[in-house]
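In: Any chance you could fold what I've pasted below:
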Amino acid sequence: MTKIEMDAIVNAANTSLMGGGGVDGAIHKAGGKAILEACIKIRNQRGGCAVGEAVATTGGNLKCRYVIHTVGPVWNGGSNNEEEKLRNCYKNSLLQAESKKVISIAFPNISTGIYKYPKDSACIIAVEEVSKYLLNKESRIKKVVFVCFDEENFELYKNELKRF
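Out: Okay, the predicted model is just below:
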């Protein structure tokens, strides 16, 4: 995620927006002080970012203009509206991208790392929500890339995208 050249990349953030492990930590580390400062400003204004919501910051030192931070749900067996929350991550990230006049955007595999969302279900949700958004709106976004963390996710996305 930290090396991809797009208008925006999506960060699988935590509610504090202060960086963490995985994708979030890598983005904060590579993006530098400007991203953290922007996150602190957002946190001071709104108290962070709720699960399913999204906020945008500068891309800092990254090869993107914006980082869109979204907070995915922690998997609790599906009994805590995890599917709706994950769908909202994609919808709200795309809305943030549109508001910034983004043409290209890259998504990680939201919630499939330490949040333990089942990778197959998360993949279907990601592809459905992005496809639905792009097909049902006059979207400025012309390029979407799913950046897969591992071979398992890569195969899931490759197969799911064949349907579209």
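In: Spell out which residues sit in contact with the nearest residue to Ala26 once chain neighbours are set aside, please.
Out: What sits nearest to Ala26 in space, not counting adjacent residues and going by Cβ to Cβ, 6 or more residues apart in numbering, is Thr2, at 5.3 Å. In short, each C-beta sits where N, CA and C put it, glycine included. Each residue near Thr2 by Cβ atoms under 8 Å, 6 or more residues apart in numbering is listed here: Ala26, Ile27, Lys29, Ala30, Gly31, Leu62.
In: What's the PyMOL syntax to select whichever of those are buried?
Out: The PyMOL selection below is limited to those of those classed as buried (16 or more other Cβ atoms under 10 Å):
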select buried, resi 26+27+30+31+62
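In: Next step: the contacts of Thr2 restricted to helices.
Out: Among the contacts of Thr2, the members found in helices (DSSP state H) are Ala26, Ile27, Lys29, Ala30, Gly31.
In: Switch those over to TSV; also include distance to Ser131.
Out: Formatted as TSV, those follow (distance: Cβ to Cβ, whole Å):
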residue	distance to Ser131
Ala26	27
Ile27	25
Lys29	32
Ala30	29
Gly31	28
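In: now, which of these sits nearest Val127?
Out: Nearest to Val127, judged by Cβ to Cβ, of these is Ile27 at 22.3 Å.
In: my guess is that closest one meets Ile35, correct?
Out: Yes: Ile27 is within contact range of Ile35, at 7.0 Å (criterion: Cβ atoms under 8 Å).
In: In the protein, what residue spans correspond to helices?
Out: Counting by DSSP H, the helices of the chain are 22-31, 33-46, 82-99, 119-136, 151-161.
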